[in-house]
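Asks: turn this into a model:
(2 chains)
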Amino acid sequence: MNLFRSEEHVARWLNRRGAGATIPVTVLAELAQAWWHDRLAPDWRPHTRDQNQAILDRIGLTGEFWRLP
Amino acid sequence: MDEGDIALRNVTYRRFVELGRAPTADEVGEWDAAAVEQGWRRLHDAHALVLQPGTVELRMANPFSATPTAYRVHADGRWWFANCAWDAFGICAALHVDGRIESTCPDCGEPIAIEVLDGKPDDETLLFHCLLPAAQWWDDIVFT
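Replies: Numbering: from 1, shown residues only, chains lettered A, B, ... in the order given. Below you'll find the predicted structure:
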């Protein structure tokens, strides 16, 4: 799960490996905010699988690649 | 994950932030070290934290990393290591502060530095690549 300067850099780094998913850093920042904001809350409770999936869906990360087990 | 393990998890995270590093089992405070280690094993199995393979030492209290990584984050007056780019933003989100992320492009090795203000990156041109589909993230979380 890395940051790259451009699509060209991603493609070169992947070389012959199968590509995963590439998203703008702005979407990553939004995802991180939703996913991690409560991690240090004194009353933190574990997220359910469906809660986490709802975060991905809400941000537009849909489709099989982003489907949690 | 029962209520006792959730409480242990929350104290572990609090101590991580207070210390600026991963606590050892005898630094968690409210339990004896053996009880902490047993609880950490259960939390590892529940994906609530990650232990170093073959040990009861913390490897990840996601988004924080207990070991050096390619993603350094300056936030809340300290430098932290994040497990990946996602977690680097996650450290600012978890601490509810602005921050600075420093890394390098895995392709060209050029430095990458991002100021995070109100949860948003100052450089919006960068891209995030996730190699594995979500269904495989926890197959090998260190690799992920």
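
Asks: quick one: pLDDT of residue B:42?
Replies: pLDDT, residue B:42: 97.

Asks: phi and psi next, for it.
Replies: Per-residue torsions, residue B:42: phi -70, psi -40 (degrees, to the nearest 10).

Asks: which ones are touching the closest residue to it other than its chain neighbours?
Replies: Nearest residue to residue B:42, sequence neighbours excluded (Cβ to Cβ, 6 or more residues apart in numbering or on different chains): residue B:5, at 5.5 Å. From N, CA and C alone the C-beta is placed, and that goes for glycine too. The contact partners of residue B:5, by Cβ atoms under 8 Å, 6 or more residues apart in numbering or on different chains, come to B:39, B:42-43, B:46, B:48.

Asks: how about a cut-off of 10 Å?
Replies: Contacts for residue B:5 (Cβ atoms under 10 Å, 6 or more residues apart in numbering or on different chains) come out as A:46, B:38-40, B:42-43, B:46, B:48.

Asks: is it true that it lies in a helix?
Replies: Yes: counting by DSSP: H, G, I helix; E, B strand; the rest coil, residue B:5 is found in a helix.

Asks: picking that back up, buried ones among the contacts of residue B:5?
Replies: Buried members of the contacts of residue B:5, counted by 16 or more other Cβ atoms under 10 Å in any protein chain shown: B:39-40, B:43, B:48.

Asks: keep these, but drop any that are not near chain A.
Replies: B:43, B:48 (Cβ under 10 Å from any Cβ of the partner chain).

Asks: kindly reformat the buried ones among the contacts of residue B:5 as a markdown table containing secondary structure and distance to residue B:110.
Replies: Shown next, in a markdown table, are the buried ones among the contacts of residue B:5 (DSSP: H, G, I helix; E, B strand; the rest coil; distance: Cβ to Cβ, whole Å):
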| residue | secondary structure | distance to residue B:110 |
| --- | --- | --- |
| B:39 | helix | 43 |
| B:40 | helix | 38 |
| B:43 | helix | 38 |
| B:48 | coil | 36 |
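
Asks: one step back: in CSV, list the contacts of residue B:5 along with distance to residue B:118.
Replies: Formatted as CSV, these follow (distance: Cβ to Cβ, whole Å):
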residue, distance to residue B:118
A:46, 27
B:38, 41
B:39, 36
B:40, 34
B:42, 37
B:43, 32
B:46, 32
B:48, 28
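
Asks: max pairwise distance over these: which two?
Replies: Largest separation among these by Cβ to Cβ: A:46 and B:38, giving 18.4 Å.

Asks: for the buried ones among the contacts of residue B:5, which one is nearest chain A?
Replies: Lowest distance from chain A to those (Cβ to the nearest Cβ) belongs to residue B:48, with 6.5 Å.

Asks: nearest residue to the residue of chain B most remote from its centre other than its sequence neighbours?
Replies: For chain B, the residue at maximal distance from the C-alpha centroid (Cα atoms, centre = their mean) is residue B:108, at 25.3 Å. Leaving aside its chain neighbours, residue B:108 sits nearest to residue A:9 (6.1 Å; criterion: Cβ to Cβ, 6+ apart).

Asks: that neighbour contacts residue B:110, doesn't it?
Replies: Yes: here residue A:9 reaches residue B:110: they are 9.0 Å apart, a contact under Cβ atoms under 10 Å.

Asks: quick one: contacts for the residue nearest to residue B:108?
Replies: A:2-3, B:105-108, B:110, B:126-127, B:129 are the contacts of residue A:9 under Cβ under 10 Å, 6+ apart.
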